[in-house]
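# Next input, structure requested:
(chains A and B)
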Amino acid sequence: MTERGFSRVRVDAFDEVPEHPGAPKPDPILVADGLTRRFGGLSAVAVDHLEIQRGAITALIGPNGAGKTTLFNLVTGFDKPNHGTWSFEDQRLEGKGAYQISRMGMVRTFQLTKALSRLTVMENMLLGATGQTGERFLGALIASLWRDQEAANRERAVALLARFNLTHMADEFAGTLSGGQRKLLEMARALMAEPQLIMLDEPMAGVNPALAQTIIGHVRDLREEGLSVVFVEHDMDVVRTVSDWVVVMSEGSVIAEGRHSSVVANPNVIDAYLGAHHGTPLDREEQDRQLAEADAVITAEGEAS
Amino acid sequence: MDIQSIIQNGVESAIGRDAIVYALAAIGLNVHFGYTGLLNFGQVGFMAVGAYGVSISVLEFGWPLWAGVLLGVGAAVVLALLLGLPTLRLRADYLAIVTIAAGEILRFTFRAAVLRDFTGGSNGINGFADDFYRPNPLGTGDYGFWRIRFSQNQLWVILVGWTLVALAVLLVWALMRSPWGRVLKAIREDEDAVRSLGKNVYSYKMQSLILGGVIGAVAGMMLSISAQSVQPDNYGTATTFFAYVVLILGGTARILGPVIGSIVFWGFLSVTETVLRQAVDQKYIPNSIMNSVQVGQVRFMLVGLGLILLLVFRPQGIFGDKQEIALAAR
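Here you go, the predicted model:
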């Protein structure tokens, strides 16, 4: 581990960006407007305006149920919004299917890793490559049409597997990988599709701390290669180390945006995580009333059993 | 016990018409279920449109056989589109429900009295396959070795049938080793992951449904042509389930699984029948336990028992990979 680990590369692009929800960015790659998704009466996502800066690492945080994954699903075409528009690289995405959006260069991973169990790790990787002649029905029948392309893809896959420490597993079924290795495979597989923007849904959830550090390193490397990264994460230490910009969601809306240091000091964010009344001392009367209530409940339960 | 006739009947069944028909039907199902994970419970529907497509176009339209075959294939494509368009966007179980219903709807339609002029109603259609037997280069007579004998027409069916099986196997092999086949297998594992990598999952599932359906239609054609007759009640749900038995016996998602499965299934069925029949005739099994009429049912019970044992001791089938099955169960 050299300095690459934790020295912070500053992205100057954010110097002029005001720190409020919906802040305009100098060179946005993804722009969403009035994106709304309701499940029955519940408004899971209601984002007025959001811009994601190109070439930066944007962290999307928020308490459970804030709508982070739903927002991911909406912009990547895995779910349809009730209202709203959004565009990627200035191309409108309304009505586009998930596979079309992926082909345009926005590739996502999943919170619950989707390793393709009964395919080998190498097959998982090769699946990620785009524009394969051999994936067309008629092209598939004549091996000479796709053999060269397949060899070239395999070469890229070998390099990526080496980078993600999966070389020794290349010929094993992906179902035999550990949870952490699956996370790595999913990232590597997404990179096979050569995205411009990679959307990582909790890439470090459930992996051991050492591997989490490795993944942080990989996420940084992606930015160094010129990719834009959006990732959902709960661990604020991780967010602090790796993100250039933080977007905070709560109850479906973006409630704050900014650099890590300013976002964590934002009272709205603290309220969203801890509840609006945290820290206010109870007065004597209120405390007595709550204790009496609790007593009553305990007594009632005792009598019932 | 007459061991010779047990072997004779066993071998004749193992390479005979039924083995061919179910091998083809199961190859189609293997594309659907084994490789793509599509739960098609109406393979018999594809077989029926193939069979009726040929027979109606030859007998009612007066078309040559090859045109009838093309019509049968076309009908299978249309059926796949009809079944797939509404259901392939939904969860896997919807396709299962729709296909099992479609198979029955087709059977009832073909045997409906109002369509008797076209389909022959419950009598079906007979004697339309002369075109098939005319190019038979074999002279009249008996062919075979030892006690296993076939007439020239039976042998012609067997030769053409196994050639078709070989071609279907070759086609599926060529496709499944290709990136196209890799996409199908990936869809079987997790559709959303495949979608996230820019593949049009819906289109692939449709292609798979059509391919397997067309192979099923060819199975139906072989069944009807070899018998020179189409009977609607040969196309009931049991046919689909036998095809599944054949597939699972041989091993799903294995190129030769359906072929070996079919040979073993029909061979086993014939051997158990001959053994039981002889045992009953020669009073090894007293009539108080089983009479010769019950042999037909009992052999299916034995097949069921065999299947249960297979699933307990060798869930991957003859050719399957145990590790793969274990991963699927996760």
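# C-alpha from now on. contacts and neighbour counts both.
Will do.
# contacting residues around the lowest-mean-pLDDT helix or strand in chain A?
Between all helices and strands in chain A, the lowest mean by mean pLDDT, DSSP states H and E belongs to helix A:284-304, at a mean of 78. The contact list for helix A:284-304 (C-alpha atoms under 8 Å, 6 or more residues apart in numbering or on different chains) is empty.
# any idea how far that helix is from the chain center?
Relative to the mean C-alpha coordinate of its chain, helix A:284-304 is positioned 43 Å out (C-alpha atoms, centre = their mean, to the nearest Å).
# likewise stretch B:283-303?
Stretch B:283-303 sits 27 Å away from the centroid of its parent chain (C-alpha atoms, centre = their mean).
# Can you get me the start-to-end distance on that stretch?
Terminal residues of stretch B:283-303 are spaced 22 Å apart (C-alpha to C-alpha, to the nearest Å).
# Kindly report the same for stretch A:131-143.
End-to-end span of stretch A:131-143 (C-alpha to C-alpha): 16 Å.
# Enumerate the positions of it that are buried.
A:132-137, A:139-141, A:143 (16 or more other C-alpha atoms under 10 Å in any protein chain shown).
# Show me the two of those that sit farthest apart.
Spanning the widest gap among these are A:132 and A:141, at 13.1 Å by C-alpha to C-alpha.
# so who does the closest residue to residue B:123 other than its chain neighbours touch?
Counting by C-alpha to C-alpha, 6 or more residues apart in numbering or on different chains, residue B:123 lies nearest to residue B:231, which is 6.3 Å off, once chain neighbours are set aside. If you count contacts by C-alpha under 8 Å, 6+ apart, residue B:231 has them with B:122-125.
# Contact partners for the residue lying closest to residue B:223 once chain neighbours are set aside?
Computed as C-alpha to C-alpha, 6+ apart, the closest residue to residue B:223 that is not its neighbour in sequence is residue B:21, at 6.0 Å. Counting by C-alpha under 8 Å, 6+ apart, residue B:21 touches B:161, B:219-220, B:222-223.
# How about the contacts made by the one residue in the stretch 1-150 of chain B that gets nearest to chain A?
Nearest to chain A in the stretch 1-150 of chain B, going by C-alpha to the nearest C-alpha, is residue B:35, at a distance of 10.7 Å. Applying C-alpha under 8 Å, 6+ apart to residue B:35 gives the contacts B:181, B:184-185, B:188, B:252-253.
# Of these, which are in range of chain A?
Among the contacts of residue B:35, proximity to chain A is found for B:181, B:185 (C-alpha under 8 Å from any C-alpha of the partner chain).
# where do the helices sit along the stretch 151-300 of chain A?
Taking DSSP state H, counting those that start in this stretch as the criterion, the stretch 151-300 of chain A contains helices spanning A:179-192, A:209-224, A:236-242, A:260-265, A:267-274, A:284-304.
# what angle do the second one and helix A:179-192 make?
For helix A:209-224 against helix A:179-192, the angle by axes from the mean of the first three to the mean of the last three C-alpha atoms, to 10 degrees is 10 degrees.
# Do me a favour and average the pLDDT over helix A:209-224.
Here helix A:209-224 scores 91 as its mean pLDDT.
# got the contact list for it?
Helix A:209-224 has contacts (C-alpha under 8 Å, 6+ apart) with A:4-5, A:55-57, A:180, A:184, A:203-204, A:228-229, A:238, A:242.
# Low-confidence ranges, the chain, go.
No chain specified, so I'll use chain A. Across chain A, the ranges flagged by pLDDT under 70 are A:1-11, A:276-282, A:304-305.
# you looked at the wrong chain, it should be chain B
Checking chain B against pLDDT under 70 turns up B:329-330.
# Thanks a lot, see you next time.
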